[in-house]
Each structure stands twice: as structure tokens, then as C-alpha cells.
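Engineer: based on what follows, work out the 3D shape:
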Amino acid sequence: MRHSTLLMTAALSAALLCGCSTPARRIDPTTQGLTTVRDVNTRDWNDVAARAVNSLIASGALVRPDGRKAIVMINQVKNRTGSRARTQILTNKLRQAMLASGKALTTTAVGGRGPEDNATRQVRELENDDLFNQATVQKRGTVISPDLSLSGEIINQSTRAGRTTENTFYFHVVLTDLATGLATWEDNFEITKQETVNIFGY
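Structural biologist: Prediction:
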């Protein structure tokens, strides 16, 4: 009798699990994405990138006295958290938002982990290659060096009270003047998320 009861319980549990599945579907990640407590998610990246660029533009740090647009090198945003946050998502969004603002230009010829696009250097290696019309080959000494470098780091702090876990991610972003090595702007952006586990553990 006990064996039959266990079998029935297992079968019922399996049926409930199967019945709770949701078919795959497309969602709008800006409004419908999952909110993860231990990791940075899509909405977090979008939020921090927008806040960072708005703060940077409002600071006036991108304005040059000679009137030309500043050239910004996108450096590394270091992940100091215990999660596998892909910080390149943030740097890409920062680049896109900065370019869309029209307040600065960014370079792909140099970066924190090396050039994002090797083509700038590769095409100049075509000099003296008789396969190419030398009048069309890009010349050395024409690439524009960056004026500023944008870098940062992410750290987090986790606390717990009873069945509630709270995780705060601190995004620190800094703009450095490459002529002087001085920070001309920096700001912090915090995202705090909570999760409460019910008495049954799920």
C-alpha cells in the first residue's frame, strides 16, 4: 500500500511539473525580462548605460575648448562581482549612447583590450604591396588618437535577513583626460534587488 502511495505521489508531482511549463516565446527585454537578484540583467545594463551617459553629458566633461568633438577610447569595465557579468555589454551600450548623443566620437583603433577593429592598422600594412593601388591605401600618421578614456568597475554587496536576500550592484564609471591622466568626470550608479524565498524554499 505504501509503495502504491509513493508511486501515485511521484506520478502526480511529475504531472504537475509538466503542466507548469511555458512554451518558448519572444519578449520585450526592456519591460518583460527576468529580474535576477544575483546577476546583472538586460534591464540593468540599459538603465546604467542611460544614466551614465546622461550624467556624463550634463557634466560638460566632453566639451572641448577648441570646439571639436572629443575622441573617446572605451576602456575596460572590470567585473569585481562574484557573477559572470559580461561587462562588454555595458561598454557597447555606453559607446552607442555616446555616439547617439552627438557630443563625442569614439575610436575602435585602440581600446582597453587592444583595438576593437584591427582594420585601421591592417590597411596600412598594404603599403608597398604592388597588388594595391598605392594612391588608395590609407597612409600612416592619419589616425586620430583619443583625448579621453572611459573605464570603470562593478562591485556588489549582498545581505540577507531571514528568507530575504538583497543584492546591490555598484557601477563606478570614470572619464580620464589622456593628456594629463586626470579624472575629469566620475559617477556611481547603484541597482538594488531583493528576493524572498517562501517557507518551502521555492
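Engineer: pLDDT weak spots in the protein?
Structural biologist: Along the chain, segments meeting pLDDT under 70 span 1-21, 27-34, 200-202.
Engineer: show me the helices in it, by range?
Structural biologist: Assigned by DSSP state H, the chain shows helices spanning 2-19, 42-59, 87-101, 119-124.
Engineer: was I right to think S145 contacts I71?
Structural biologist: Yes - using C-beta atoms under 8 Å, S145 is in contact with I71, at 7.3 Å. Yep, even glycine has a C-beta here, placed from its N, CA and C like the rest.
Engineer: okay, and the common contacts of those two?
Structural biologist: The contact sets of S145 and I71 overlap at T107 (C-beta atoms under 8 Å, 6 or more residues apart in numbering).
Engineer: residues contacting stretch 75-91, please?
Structural biologist: For stretch 75-91, using C-beta under 8 Å, 6+ apart, the contacting residues are 38-40, 45, 48-49, 74, 111-113, 149-156, 169, 171, 173.
Engineer: one more time with 7 Å, if that's ok
Structural biologist: Residues outside stretch 75-91 that contact it (C-beta atoms under 7 Å, 6 or more residues apart in numbering): 38-40, 45, 48-49, 74, 111-113, 149-156, 169.
Engineer: which PyMOL command selects the buried ones in those?
Structural biologist: In PyMOL, this line selects whichever of those come out buried by 16 or more other C-beta atoms under 10 Å:
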select buried, resi 39+40+45+48+49+74+111+149+150+151+152+153+154+156+169
